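Chemist: Give me the fold of what follows.
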Amino acid sequence: MAAILDPLADSDGVACFTRLYLRVTEGVQARLQSLSFADPLFLADLDVRFANLYFAAVDTASGSDPSEVPRAWAPLFEARSRRGIAPLQFALAGMNAHINRDLPVALVASCRHSDVSPREGSPQHADYLRLNQLLATVEGEVKHEYLSGYLHTIDRIVHRVHRLDDIVAMWDIARARDAAWTNAEALWALRGTESLANRYLSTLDRTVGLAGRGLLNPADTWVARVGRFLHLC
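Modeler: Numbers count the residues shown, from 1 in each chain. Got it, this is the predicted structure:
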């Protein structure tokens, strides 16, 4: 993640998501010692497979054929330099793609590797749920940093109903992870019918991409534009 961030401008949409991802990962890592898990090897394998899907999307976007980027990720990469989109919107759009599309894929791969099924009530599912509250807490702390600063305070006073509030309200990490587990169960059930599983994943990919475009609808205000002007000066 640090290597991805290194050449990017702070305002780049991919950088906005990667910073959030890195901070959440570091925050979770710092708190993991207080938790115990029934199958830590499964979680470790899932973590690596999950992250690798994002790295693969970044590599594809910067490769010879960016059109091969999964549709769930396409909105973020296409809008990464667009003005009028708040850093938090980029961050949430990345989380939308990564959790709603990548996590079910990673879950199925880890279940195959560990020879278990993504069954509710299983030790692996219990471990997965244990992480939800921790992730929600850390994500909330990091997300607050995207909504702080004197310009944001002025913005909230001037624009009491901010369009960004509606966008933030669209996102809930625990619900997204619950949906990811359900989609993993569906993909697992379809694993014996490859063509149907591929069609299911393709539909999921497009649906997540559509949600991503909604999250990236510009939520600009004149105060935000003043802030960009001052930053450029």
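Chemist: Show the contacting residues for the spatially closest residue to residue 55 that is not a sequence neighbour.
Modeler: Excluding the flanking residues, the one nearest residue 55 by CB to CB, 6 or more residues apart in numbering is residue 4, at 7.8 Å. No exception for glycine: its C-beta is placed from N, CA and C like everyone else's. Residue 4 makes contact with 14-15, 18, 55, 58 under the criterion CB atoms under 8 Å, 6 or more residues apart in numbering.
Chemist: Any figure for the gap between residue 85 and residue 8?
Modeler: For residue 85, the distance to residue 8 equals 15 Å [CB to CB, to the nearest Å].
Chemist: okay, these two: which has more neighbours?
Modeler: residue 85 (23 against 15; other CB atoms under 10 Å).
Chemist: Was I right to think the more buried one contacts residue 11?
Modeler: No - between residue 85 and residue 11 there is no contact under CB atoms under 8 Å: 9.5 Å.
Chemist: pLDDT weak spots in this protein?
Modeler: 146-170, 219-233 (pLDDT under 70).
Chemist: What is the most widely separated pair among the contacts of residue 4?
Modeler: Taking CB to CB as the measure, the contacts of residue 4 reach their widest spread between 15 and 55, a distance of 14.6 Å.
Chemist: Quick check, residue 91 in contact with residue 19.
Modeler: Yes - assessed by CB under 8 Å, residue 91 is found in contact with residue 19 at 7.4 Å.
Chemist: Looking at the two, which is more packed in?
Modeler: Each of residue 91 and residue 19 has its neighbours counted (other CB under 10 Å); residue 91 has more, 27 against 23.
Chemist: Identify the residues contacting the closest residue to the more buried one other than its chain neighbours.
Modeler: Spatial nearest neighbour of residue 91, excluding adjacent residues (CB to CB, 6+ apart): residue 20 at 4.0 Å. By CB under 8 Å, 6+ apart, the residues touching residue 20 are 91, 94-95, 139, 142-143, 146.
Chemist: so the residue most central in space within the chain is in which element?
Modeler: Centroid-nearest residue in the chain: residue 95, 1.2 Å away (criterion: CA atoms, centre = their mean). Secondary structure assignment for residue 95, by DSSP states H and E: helix 87-97.
Chemist: who are the neighbours of the longest helix anywhere in the chain, in terms of helices and strands?
Modeler: Determined from DSSP state H, the single longest helix within the chain is helix 123-146. Helices and strands touching helix 123-146, by 3 or more CB pairs under 8 Å, 6 or more residues apart in numbering; DSSP states H and E, are helix 13-31, helix 40-61, helix 87-97, helix 173-189.
Chemist: The shortest one to helix 123-146, inter-axis angle?
Modeler: For helix 87-97 and helix 123-146, the angle between their directions (axes from the mean of the first three to the mean of the last three CA atoms, to 10 degrees) works out to 170 degrees.
Chemist: The helix or strand that helix 87-97 is followed by to helix 40-61, inter-axis angle?
Modeler: Using DSSP H and E, the helix or strand that directly follows helix 87-97 along the chain is helix 103-114. Counting by the same axes, to 10 degrees, helix 103-114 lies at 130 degrees to helix 40-61.
Chemist: still on that earlier bit, what's the ChimeraX syntax to select whichever of the contacts of residue 4 are buried?
Modeler: The following ChimeraX line selects those of the contacts of residue 4 that are buried, judged by 16 or more other CB atoms under 10 Å:
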select :14,15,18,58
